[in-house]
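Peer 1: Quick one, what's the 3D model for this:
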Amino acid sequence: MNIKLKLGQLEELPIMVLAISPLMLIPPLASAQTSSSPIPALPPLQIELLQPDAPPPPPGVITAHTISQSGIATPSLWWAEDQFDEFGGKLLTNWIAYPDTNRIDLVVSRQPWTLLDYLARYSFVNRFGTVARGYKYDVRVFNDQAGLLATYTCNYTQDQPDCQLFIFDTLGQDSLPVPR
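Peer 2: Okay, here's the model as predicted:
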């Protein structure tokens, strides 16, 4: 299909295109969604519970070294720790679970963590977050100096949990600032 325009009609064409173009760039309002995922928990890591000479944790708090006399402690991360911990068990050094707040704090060794690229860090947090989600727990990842490295938080009030994973840079900001 060939369209021939006269010189006078050509001057009107840009105005017509400009009048249509902005409308095509505006997305429909019905597609806008807001996330209902909760904000990660704010309490600092209780690193004193992880010291080698620390007394047993308070009732209701579970660490990687907690042994239950009656059965498997819930949540149970021992299998996940064996399956997902890269570097021959040297990445994940410890963890604490807080059943009263449905939160798990993972502690990783700084050196192996820094060797992981963004996708490997994401994979590590996602794997543990998926296991924790089965127990309806959120996950925070810290280094051995109690610096927050990543979070995996969910809103469990829906049939399908709405979860978000953040990997933080050294300044504590999301290292992949992409609109969610």
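Peer 1: can you give me the strands in this structure?
Peer 2: 62-63, 92-98, 103-108, 138-143, 148-155, 162-167 (DSSP state E).
Peer 1: partner strands of the third one, parallel or antiparallel?
Peer 2: Based on DSSP bridges, the strands next to strand 103-108 in the sheet, each with its direction, are strand 92-98 (antiparallel), strand 138-143 (parallel).
Peer 1: now these as a markdown table including mean pLDDT?
Peer 2: Formatted as a markdown table, the strands paired with strand 103-108 follow (pLDDT from 0 to 100):
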| stretch | mean pLDDT |
| --- | --- |
| strand 92-98 | 89 |
| strand 138-143 | 95 |
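Peer 1: Could you dump those strands into TSV and include mean neighbour count and distance to residue 156?
Peer 2: (Each C-beta comes from the backbone N, C-alpha and C, glycine too.) Listed next are the strands paired with strand 103-108 as TSV, based on neighbours: other C-beta atoms under 10 Å; distance: least, C-beta to C-beta, whole Å:
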stretch	mean neighbour count	distance to residue 156
strand 92-98	22	15
strand 138-143	23	9
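Peer 1: who wins for proximity to residue 50 among the strands of the chain?
Peer 2: strand 92-98 (4.7 Å; C-beta to C-beta).
Peer 1: Show me the helices in the chain, by range?
Peer 2: Applying DSSP state H to the chain gives helices spanning 7-25, 78-84, 110-115, 118-134.
Peer 1: Going by mean pLDDT, which of these comes out lowest?
Peer 2: Mean pLDDT is lowest for helix 7-25 out of these, coming in at a mean of 48.
Peer 1: Surely residue 153 and residue 102 touch.
Peer 2: No: with contact defined as C-beta atoms under 8 Å, residue 153 does not reach residue 102; the gap is 10.4 Å.
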